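**Student:** A structural model of the following input is requested.
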Amino acid sequence: MNRIRSQPEDQQDLPLPSSSPMEGIGAELQQRQQELINLQRQQQELEQRKRQLEELNTRRMELIEGQREIRDRLLRAVVILERAEGQGRKEVEQMHETRQVFSEQLSEINDINPSEWAATDIEGELSKALAKVDQAQAIYTQSRAKLDALRGRDLEPETSIDEEGRTHANSSPVDSFSANLQRGLAFNLPLILAILFGLLIFRLLK
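**Tutor:** Residues are numbered from 1 along each chain as shown. Prediction:
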């Protein structure tokens, strides 16, 4: 009887069997899956960072190109404005000097008064007056040429006489083009309206 009772007690003292190999495989599989998830997350982060860097590089190239373009434009504009400013300053100075010279010559011409000449010195006064007129004409011609060259246009446009004897300034190419364009539109306006009306009817009937 004692032997029979001792068997269960002996079985309780036996060591428990270790976990099965299948449980170890499952744990390793779970670990590998977690590592794969981490790698996928890292890949997504790398791709996102790559897109950010590409966008930054694109914006950097836009900055470089825009900077170069606007720098060239501003540089050209500054050079042109500096030249125009210098040219304008020269023109103003030349106009001021010319105005003073013209005023002096005008005063000299206005001082010519034949009614005040003495009868004994008419010939001498006449010679002086003619010399003043010739001098004024020469100064006017020279000063006008300087102004025309500086301004790039004629100070006193040439005039022409039409059939009725009226004098008028020659029209510029822009004025002639505008006048011809207006006349052309006036002559062809009925034809243009007819064509537009025909197109409208064609679209309505289509």
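**Student:** Tell me the spacing between residue 39 and residue 45.
**Tutor:** 11 Å (C-beta to C-beta, to the nearest Å). Where C-beta positions appear, they are placed from N, C-alpha and C, glycine not excepted.
**Student:** Check residue 106 too.
**Tutor:** 88 Å.
**Student:** What are the boundaries of the helices in the chain?
**Tutor:** Along the chain, the segments classed as helices by DSSP state H run 2-12, 21-110, 122-151, 173-205.
**Student:** For those helices, please prepare TSV with the additional fields mean neighbour count.
**Tutor:** Listed next are these as TSV, based on neighbours: other C-beta atoms under 10 Å:
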stretch	mean neighbour count
helix 2-12	8
helix 21-110	11
helix 122-151	13
helix 173-205	10
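**Student:** closest to residue 116 out of the ones you listed?
**Tutor:** Closest approach to residue 116 among the helices of the chain (C-beta to C-beta): helix 122-151, 8.7 Å.
**Student:** Is it possible to get CSV of the helices of the chain that adds distance to residue 116 and mean pLDDT?
**Tutor:** Putting those into CSV (distance: least, C-beta to C-beta, whole Å; pLDDT from 0 to 100) gives the following:
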stretch, distance to residue 116, mean pLDDT
helix 2-12, 159, 48
helix 21-110, 13, 89
helix 122-151, 9, 85
helix 173-205, 47, 58
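**Student:** Just give me the neighbour total for residue 114.
**Tutor:** Residue 114 has 9 neighbours, counted by other C-beta atoms under 10 Å.
**Student:** got a list of what it touches?
**Tutor:** Counting by C-beta atoms under 8 Å, 6 or more residues apart in numbering, residue 114 makes contact with 125, 126, 129.
**Student:** any idea which of these is the one closest to residue 136?
**Tutor:** Within the contacts of residue 114, the smallest distance to residue 136 is 10.6 Å, found for residue 129 (C-beta to C-beta).
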